[in-house]
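Engineer: Fold the following and give me the result.
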Amino acid sequence: MGTKRVDEAINMTWKRRILVYGSRGIELSDLELEAVLLQWPFPLNKICLISGGAKGPDRAAIFYAEKHGCDVIEIPAKWDEFGSAAGMKRNKEMGDIAQYACGWWDGESRGTAGMTSILTKKNTPLILTMKTAAVAKVVTHEPPKGL
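Structural biologist: You can find the predicted model right below:
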């Protein structure tokens with residue numbers, strides 16, 4: 001268990017790759033993350049979390065994986081190499097390998113909106129939670145059929 005390289009994780013066909021992403025200003029507790037992860041019909045030892053490593057839900061995924069012994073793929077943006085395009089390049093890479101996704105959006109973050117767009121265009125099963133200071137609610141919940 002622990003941090004995996006992308007190619008190594010993709011070859012673990014018995015693991016479900018779940019992307020955890022969201023707006024950087026959203027603080028996510030272990031329990032909030034787990035409540036959403038448990039909506040997928042996979043035991044924790046059969047998942048590999050994907051994280052962009054940024055503040056907020058991305059970082060919560062890494063801490064959760066370390067605490068609970070899940071595998072995790074961290075794909076940080078390469079800001080020095082790609083400048084302002086780094087975030088979208090990273091999001092595309094994460095979207096390409098994600099089989100499922102859990103997102104938290106503050107209603108403003110363009111990066112989170114862009115990641116959600118990538119996933120919906122690929123028809124990736126997604127649980128998207130709208131979380132602002134006033135409200136936290138699931139706005140999209142498309143669990144996989146027939147699992």
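
Engineer: Show me where this structure dips below the pLDDT cut-off.
Structural biologist: 1-14, 133-147 (pLDDT under 70).

Engineer: Which residue would you name as the spatial centre of it?
Structural biologist: Taking CA atoms, centre = their mean as the criterion, residue 20 is the residue nearest the geometric centre of the chain, at 1.5 Å.

Engineer: Would you double-check that that residue falls in a helix?
Structural biologist: No - applying DSSP: H, G, I helix; E, B strand; the rest coil, one finds residue 20 to be strand, outside a helix.

Engineer: For stretch 57-65, buried residues please.
Structural biologist: Neighbour-count burial for stretch 57-65 flags 57, 58, 59, 60, 61, 62, 64, 65 (criterion: 16 or more other CB atoms under 10 Å). Any C-beta I mention is one placed from the backbone N, CA and C, and that applies to glycine too.

Engineer: Out of the residues you listed, flag the one nearest to residue 82.
Structural biologist: If you rank the buried residues of stretch 57-65 by distance to residue 82 using CB to CB, residue 58 comes first, at 17.6 Å.

Engineer: and the gap between residue 72 and residue 49?
Structural biologist: Here the criterion is CB to CB, to the nearest Å. By it, residue 72 lies 5 Å from residue 49.

Engineer: Which neighbours do those two have in common?
Structural biologist: Common neighbours of residue 72 and residue 49 are listed as 61, 62, 65 (criterion: CB atoms under 8 Å, 6 or more residues apart in numbering).

Engineer: Need those residues in TSV (columns: secondary structure and distance to residue 113).
Structural biologist: Formatted as TSV, the shared contacts of residue 72 and residue 49 follow (DSSP: H, G, I helix; E, B strand; the rest coil; distance: CB to CB, whole Å):
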residue	secondary structure	distance to residue 113
61	helix	19
62	helix	22
65	helix	25
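
Engineer: of those, closest to residue 104?
Structural biologist: Residue 104 lies nearest to residue 61 out of the shared contacts of residue 72 and residue 49, by CB to CB, at 10.7 Å.

Engineer: export the shared contacts of residue 72 and residue 49 to CSV and tack on distance to residue 31?
Structural biologist: Output for the shared contacts of residue 72 and residue 49, formatted as CSV (distance: CB to CB, whole Å):
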residue, distance to residue 31
61, 14
62, 16
65, 15
